[in-house]
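Colleague: the sequence isn't on hand, but the structure is:
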Ligand code: ADP
Ligand code: ZN
């Protein structure tokens with residue numbers, strides 16, 4: 001039996017399951033303080049004979065294996081969780097192999113093993129929600145680096161009619177600052193879910209998301225792009241994004257995936273809202289190998 005934790009800024013999704021991605025039991029806890037939330041998590045796993053645990057976490061997190069703060073959530077704006085030793089807290093109760101990565105890298109891995117990118121050695125998983133995050137598998141491996149990629153904060157070209165300052169506390173008008181759920185709410189004065197019939201909202205949203213995806217395609221050449229998160233529940237956005245990506249690329253990338261089959265190239269998660277927790281299960285399976 002494997003344990004999985006999708007640790008998000010608003011909720012933790014925990015599951016026990018197997019190495020084939022089957023989820024046997026699942027529970028959701030609100031993200032409050034580490035003391036409170038982790039007590040729920042530990043109670044959830046305690047009755048099970050867990051062989052390994054996978055954690056896909058909000059960040060930034062420390063993934064450098066030789067770092068003294070490996071396994072920590074580091075400089076998050078969620079004060080209570082800053083410098084929290086996540087892997088250490090789990091190890092104290094469950095002395096088993098623990099896989100640890102970003103929430104979006106976990107989701108990318110889940111979709112690659114059991115979802116929309118099955119059989120491919122590269123893919124991107126992009127979430128557009130409270131923040132914007134992107135996980136990547138490149139040449140069969142989860143992409144890490146100096147720390148880990150932060151593709152939600154790339155700089156985007158402003159729409160000529162757009163005067164919105166952006167909401168990113170670090171960069172103002174980076175992608176997350178211009179196109180996250182909170183950016184939509186601040187710009188238009190209503191939550192995204194209440195703006196469904198306002199075409200101009202989603203046209204502008206697609207303008208920014210497509211620029212970002214265009215840049216990811218140019219840099220990483222992924223074989224599949226998967227887009228999830230609350231904002232993408234507006235299912236009319238994805239077709240607009242695809243058209244804008246084709247326009248930005250301008251016919252330069254001469255591959256049928258982009259020129260003819262873009263509907264099969266930029267897609268929603270096949271695992272739906274379970275992409276993250278299934279991915280954490282995949283991290284557990286990898287840690288146990
Ligand atoms: P989180 O990013 O916190 O894990 P979500 O992916 O659900 O959670 O993202 C929440 C954000 O998505 C909020 O800003 C919310 O307004 C927005 N959102 C949620 N549902 C919808 C919807 N149906 N249409 C548009 N925006 C939505
Ligand atoms: Zn930013």
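Modeller: That came through, no problem. As the structure is a computational prediction, the values presented were derived from the model and not from experiment. Numbering: from 1, shown residues only. Ligands and ions are numbered 1, 2, ... in the order given.
Colleague: show the contacting residues for the closest residue to residue 60 other than its chain neighbours.
Modeller: Counting by Cβ to Cβ, 6 or more residues apart in numbering, the nearest residue to residue 60 once its immediate chain neighbours are dropped is residue 74, at 5.0 Å. (C-beta placed from N, C-alpha, C; glycine too.) For residue 74, the residues meeting the contact criterion (Cβ atoms under 8 Å, 6 or more residues apart in numbering) are 59-62, 82-83.
Colleague: all strands of the stretch 51-200 of the chain, in order?
Modeller: Assigned by DSSP state E, counting those that start in this stretch, the stretch 51-200 of the chain shows strands spanning 52-57, 72-73, 84-85, 98-102, 123-128, 132-138, 141-142.
Colleague: which of these sits closest to ligand 2?
Modeller: Set against ligand 2 and scored by Cβ to the ion, those come closest in strand 132-138, at 8.6 Å.
Colleague: neighbouring strands for the closest one, and are they parallel or not?
Modeller: Sheet pairing for strand 132-138, assigned by DSSP bridges, gives strand 123-128 (antiparallel), strand 141-142 (antiparallel).
Colleague: which residue does the stretch 1-150 of the chain bring closest to ligand 1?
Modeller: Checking the stretch 1-150 of the chain residue by residue against ligand 1 with Cβ to the nearest ligand atom singles out residue 129 as nearest, at 2.4 Å.
Colleague: next, give phi and psi for that residue.
Modeller: Reported as degrees, to the nearest 10, the phi and psi values for residue 129 are phi -140, psi -130.
Colleague: I'd say it and residue 229 touch.
Modeller: Yes: using Cβ atoms under 8 Å, residue 129 is in contact with residue 229, at 3.7 Å.
Colleague: what sits against residue 274?
Modeller: Applying Cβ under 8 Å, 6+ apart to residue 274 gives the contacts 23, 110.
Colleague: so it belongs to a helix, correct?
Modeller: Yes: with DSSP: H, G, I helix; E, B strand; the rest coil as the criterion, residue 274 is assigned to a helix.
Colleague: separation between it and residue 83?
Modeller: Distance from residue 274 to residue 83, counting by Cβ to Cβ, to the nearest Å: 30 Å.
Colleague: now residue 239: closest residue in space that isn't a chain neighbour?
Modeller: Counting by Cβ to Cβ, 6+ apart, residue 239 lies nearest to residue 263, which is 8.0 Å off, once chain neighbours are set aside.
Colleague: ok, residue 49 next?
Modeller: Leaving aside its sequence neighbours, residue 49 is closest to residue 1 (5.7 Å, by Cβ to Cβ, 6+ apart).
Colleague: ok, the one you found to residue 14 distance?
Modeller: For residue 1 relative to residue 14 (Cβ to Cβ), the value is 13 Å.
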